[in-house]
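> Give me coordinates for this.
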Amino acid sequence: MIWNPPFNALIMLVLIVGAAVLIALSYLWSAQKMKYAAPQAIATLVLRGLGFLLLILFVLQPMQLPKPREITMQRSVAVLLDTSASMKQPVNSAPSAPTRFGHVRKLLDDNHVFKQIQSQAQLNIYGFDQQAGALAADALAKYEPQGKQTDLAAAIRQVAKIHDNDDLAGVLVFSDGRNTQGSDPAASLGEMKLPVYTVAVGSVLLKEETKTEQKKDLAIESIAADRRVILGRTANIALTVEATGFGARQVTVELLKGDTDQVINTTAVAVSQQQSRRQALFTVKPSAVGVFKYRVRIPAEAEDSDPTNNQRDFEVEVVDPINRLLYVDRLRFERRFFNQILEKQRSLRYTSVVPIDGERVMVQGNDPDGKRFGAAFSPEQLVGLKAIVIGDVPASQFTGQQIAALYDWVDKGGALLIMGGPASLGDKGFAGTQLGKLLPITPAQSHAYLEGQYPVDLTAEGAAHPAFQKVKGRWGNAPPLLSRFAVAKVKPTATVLMMTTDTNAAPIVVAQNLGKGKTAVVLTDSTWRWSLGYDQRTQSVGGQSPHTAFWSQLVDWLLPELTDTDRGQNQVQIITDRQAYEVGDQVMLMISVRDAAGEVVRDAEVQVTAATPDGRPVQRVAKIDPSDTAGALYTASFEAYMPGEFTIGVAAKRETADLGSDRVSIQVTQPIVEFTQTDPDPQTLTKLAEKTGGSVLNEMQLGDLAAKINMTPRQVTIQPSADADAEPAWNRWLLLLAFIGLMSGEWFIRRKNQWV
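Presented below is the predicted three-dimensional model:
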C-alpha cells in the first residue's frame, strides 16, 4: 500500500485524534445507558469501531500498485556513415566513378539487408566526422560530406551513449578508415563490449590514375577594398586573380560602376603556370557622400570553364568629414542636461529627437539636414552620421528594418551609445533585439533597476582609455549617483571604464570596439545630479563639473578625429590579399602611402617587418608595383612558413620625414589533413572490428549482417511506478456501502434500545 493523504501530516493527525476523542466521549456518554455485557451494546461498539476504521481509510486514501509487466523490446542497430571531406574522393579509378559517399548512398538504397534489419530491430542512421549526428533517410540524396576532421572513436561512443537504454545490438560503419583526430579507435573501444562491423569504402588511386585533364579557369579569388572613406579621399581596391590551366599570358581585369557595364578602369596582370596568382590594383575617388556599388570583372573567354567566378561586387561608403551626432530620448532630466553638453561641443552638428507618439516627434539641434531626417535611420541619414546616442526609449520605438540598418551602420564604423533607462535596458529594451549583439553587457533579467547612493570612480583601464585619459582629477570626489542598472555579465571583449566603489563594484560605463565600429553603455540615469548637486571647490573633476567632464569626454570619444574616421584613412595603409593562409602560401602585401594632404607618395622608403610565431622576424622592402600604371601602391611578399599569427608592420618615410605606419595580423594554419591525405585506411577498420568482436564486411557480405548481429528481442520487466501507475485502494463502492451499512446498523440498534 502507498499512503497518499490529501492533507499534511499535522492536519491528518488532528483529524484522527479528534475522531478518537469523539468516539471516546460518545462511549462515556453511552455508558450511562448501556449495559456493556448485553449483546446489543457489544454490537454497537463493534459497528462504531469498524466505521471509524473505514473513516480513517478514507482520510488516508491508500493507493495500490499493479503487478509488474513483461514487455518485449526490440534491439537497435546503428549505421554510421563517414561524412568527412575525404569521402568526396572517387570510390575507384573508373572515369565515371561516384564519390565514396555517393557509393555508400547507393548501397543503402539497393541492399535488401537493411530492410531485413528493420523488420527485426530499430535501424538508426548517423553521419559522423568529429562527432555523430542523426541523418534522416530521405535527406541522404542531397547530403554532401564536408567534415574537416574524423574522430571515429568519439562518434561511436556518442552513439552508444544515445542508445544506452535501448540495448544497442551492434554498429555498422561505412568509412574509408581515414581517422585524423582523437585516439586509436581499436584501442579505445575494445572494452565497450559493443560489436562494430566495418565496411571499407574506396580504393587507393595511383598517381597516374588520378591524372585528369586540368580544366582552364580564370577567377577572382579574393578582394580587399576600403569599405568606408572620407569624402575627397581615395579608396584602394586590391584583388587576387587566379588562372588555372593556362600558360603564360595577360589577364585583363575591369572595374565597373555598380551592376552596370560602365567600365571605370582597366588593368592587366601577367600569369603563368609557375605564378598562377597575381594581384590587380585599382583606386576610386567618389565625388559625393553615399554608398557606391562597384564590380570587378574578368571578361569572359571561350576557354574559361567556369565564368561564374569571374566577377565580385563590393561597396564603398563615403562619409562626410563633418562630425554629426543623432540623439534620441524621451523628456527627462538626463536629456535636458545632455543637450547642454551637445550645445557646447564645437565643430559638432547634432540633432536631438523626442518621440511624442507613434507619428509625431520633437526635433531640436543645430543640424538642418538632421532635422529633416529626424530618427528615420534611412541609408541617406546614416551615411552622414558619426555617432548615435539612444536614451530611455523602448526598442519598439524603431522598426525591425531600422534596427537592422543601425546594426549594419555600427559594423561599418559607426559609434553607438545606449544611455541607461528602464525602457532602453529593461524587458522591452534593446538587449532582446539584433542590437543586443552589439551591447558590451547583458542586462540582468530581474531587479535590474536599483536606487541608492552609489559613489563611482574610473577603473585602471578606464583611466587609460581614450574616453577619459585626458581628464585630470579623481571621480571619487563626485557626488554619488542615485541609480544604477544591474548586469548579468560583461562581455569578454568589453572594457569596464567606470564602476561603483562600494562592495558591489558594479559597472557604470562599459565600452567595446567592434571591428571598425564601437559601442558603449551608461548604466545609470542619474548623471544629471553631477550638474546640480556638486560642490565646485571639492567635487569638481579637472576644473569642471563631473557632468561636463563625463559627457564631453564620452562624446569626444564617440566622434573620431578626421584622420581616424577609418583605419583606411591613415597616411600609410597595408592591405593583404587574404586574412587567412595555409603553411606554404605566399602572403601578398599592398601598401598605400599618402602625405598629409591625401596625395600619393611615390618616392617613399617603405619597410615591412613581420613578427612570426617562432620569434624570427621577416623583413622586406616594399616597392612600387610595375604593373600598377597609376603607381599608387607599394608591394611586397613573403612565405607563410609556419602556423600561427603573423603581425605585419609597415613604416614609411621620405628622406628624413616619417609618413606614418600601419599594422595588421593574419592567421596561418596547417593544411587540413582531411583534404590532403585522402587515401583509404582499411587497416584501421579491420583492427576496430577485431577488437570489438565484430567483423569486416565487403559489399557482397552485407547480406550476412542480419545473421551476425544478435537482434533477438529481449523480455523486460517493467516495475510499476508509484507516480504513474498507482491506483486508489479506498475509492470503492463496496467500501462506501459498508461504511453506510455500519453506521446505519449502529444507529438502528441504538434507536431500538432507546439509547438516542
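
> where does the stretch 151-300 of the chain have low pLDDT?
164-166, 204-214, 259 (pLDDT under 70).

> which residues of it fall in helices?
152-162, 185-189, 207-210 (DSSP state H, counting those that start in this stretch).

> Out of those helices, which gets nearest to Lys491?
With Cβ to Cβ as the measure, helix 152-162 is the member of the helices of the stretch 151-300 of the chain nearest Lys491 (30.9 Å). All C-beta spots, glycine's among them, are computed from the backbone N, C-alpha and C.

> List the buried residues of the closest one.
For helix 152-162, the neighbour count (16 or more other Cβ atoms under 10 Å) marks 152-160, 162 as buried.

> How many residues are close by the nearest residue to Asp304 once chain neighbours are set aside?
The spatial neighbour of Asp304 that comes closest, neighbours along the chain excluded (Cβ to Cβ, 6 or more residues apart in numbering), is Leu218 at 5.0 Å. Counted by other Cβ atoms under 10 Å, the residues lying close to Leu218 total 26.

> what residues are up against Leu218?
Residues in contact with Leu218 (Cβ atoms under 8 Å, 6 or more residues apart in numbering) are 241-244, 246, 251, 298, 301, 304, 310.

> Show the contacting residues for the closest residue to Ile220 other than its chain neighbours.
In this structure, Ile220 finds its nearest non-sequential neighbour in Arg312, 5.0 Å apart by Cβ to Cβ, 6+ apart. Contacts for Arg312 were tallied using Cβ under 8 Å, 6+ apart; they are 220, 223, 239, 295-296.

> In strands only, show me the residues you listed.
220, 223, 239, 295-296 (DSSP state E).

> Buried ones from those residues, can you make that a PyMOL selection?
Applying 16+ other Cβ under 10 Å to those, the buried members can be selected in PyMOL as follows:
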select buried, resi 220+223+239+295+296
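
> Let me know the closest of the ones in strands among the contacts of Arg312 to Tyr327.
Relative to Tyr327, and with distances defined as Cβ to Cβ, the nearest of the ones in strands among the contacts of Arg312 is Ile223, at 36.8 Å.

> residues in contact with the spatially closest residue to Thr692 that is not a sequence neighbour?
Nearest non-adjacent residue to Thr692, counting by Cβ to Cβ, 6+ apart: Val196, 4.3 Å away. Residues in contact with Val196 (Cβ under 8 Å, 6+ apart) are 156, 170-173, 189, 688-689, 692, 694.

> Out of the residues you listed, name the two that are farthest from one another.
Most distant of the contacts of Val196, by Cβ to Cβ, are Leu172 and Leu189, 14.3 Å apart.

> quick one, which of these two is more surrounded?
Neighbours per residue (other Cβ under 10 Å) separate Leu172 from Leu189, with Leu172 holding more: 25 against 21.

> Verify the contact between that one and Leu705 for me.
Yes: with contacts counted by Cβ atoms under 8 Å, Leu172 reaches Leu705, the gap being 6.7 Å.

> longest strand in this protein, by residue count?
If you go by DSSP E, the chain has its longest strand at strand 657-669.

> re earlier: looking at strand pairing, list the partners for the residue nearest to Asp304.
For Leu218, the beta-bridge assignment (DSSP bridges) gives partners Ala243.

> What distance do you get for it to Thr399?
Distance, Leu218 to Thr399, by Cβ to Cβ, to the nearest Å: 44 Å.

> ok, now Glu242?
From Glu242 to Thr399 the distance is 43 Å (Cβ to Cβ).

> pLDDT score assigned to Pro626?
pLDDT recorded at Pro626 is 62.

> ugh, wrong one, Ser552
90.

> Assign it to helix, strand or coil.
At Ser552, secondary structure determined by DSSP: H, G, I helix; E, B strand; the rest coil is helix.

> and the closest residue to Glu605 other than its chain neighbours, what does it touch?
Excluding the flanking residues, the one nearest Glu605 by Cβ to Cβ, 6+ apart is Lys653, at 5.5 Å. Neighbour list for Lys653: 604-605, 659 [criterion: Cβ under 8 Å, 6+ apart].

> coming back round to it: which pair in the ones in strands among the contacts of Arg312 spans the largest distance?
Maximum pairwise distance in the ones in strands among the contacts of Arg312, criterion Cβ to Cβ, is 11.0 Å, between Leu239 and Arg295.

> Give me the domain ranges for this structure.
When the chain is parsed with automatic domain parsing, its domains come out as 2-67+724-752, 72-205+684-714, 214-316, 323-563, 570-678.

> Mean pLDDT lowest where, among the ones you listed?
The bottom spot among those, by mean pLDDT, belongs to domain 2-67+724-752, with a mean of 75.

> after the helix or strand containing Met590, next one along is what?
In this assignment (DSSP states H and E), Met590 forms part of strand 586-593. Going down the chain from strand 586-593, the next helix or strand is strand 605-611, by DSSP H and E.

> burial measure for the closest residue to Pro98 other than its chain neighbours, as a count.
Closest residue to Pro98 apart from its sequence neighbours, by Cβ to Cβ, 6+ apart: Val91 at 5.9 Å. Each residue near Val91 was counted by other Cβ under 10 Å, and the total is 21.

> Please apply the same query to Glu70.
Residues near Glu70, counting by other Cβ under 10 Å, number 9.

> What's opposite it in the beta bridge?
According to DSSP bridges, beta-bridge pairing links Glu70 with Thr717.

> Check it and give its pLDDT.
Note for Glu70: predicted pLDDT of 82.

> so it makes contact with Gln715?
Yes: using Cβ under 8 Å, Glu70 makes contact with Gln715 at a distance of 5.7 Å.

> which parts of stretch 297-307 are buried?
Buried residues in stretch 297-307 (16+ other Cβ under 10 Å): 297-298, 304.

> Would you format the residues you listed as a markdown table with distance to Ile648 included?
Output for the buried residues of stretch 297-307, formatted as a markdown table (distance: Cβ to Cβ, whole Å):
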| residue | distance to Ile648 |
| --- | --- |
| Arg297 | 29 |
| Ile298 | 28 |
| Asp304 | 33 |
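
> Who are the contact partners of the most centrally placed residue in the chain?
A centroid search over the chain (Cα atoms, centre = their mean) returns Lys437, at 9.5 Å, as the residue closest to the centre. Lys437 is in contact with Tyr407, counting by Cβ under 8 Å, 6+ apart.

> Export the helices of the stretch 151-300 of the chain as JSON lines, with columns for distance to Trp528.
What follows is these, written out as JSON lines (distance: least, Cβ to Cβ, whole Å):
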{"stretch": "helix 152-162", "distance to Trp528": "57"}
{"stretch": "helix 185-189", "distance to Trp528": "65"}
{"stretch": "helix 207-210", "distance to Trp528": "74"}
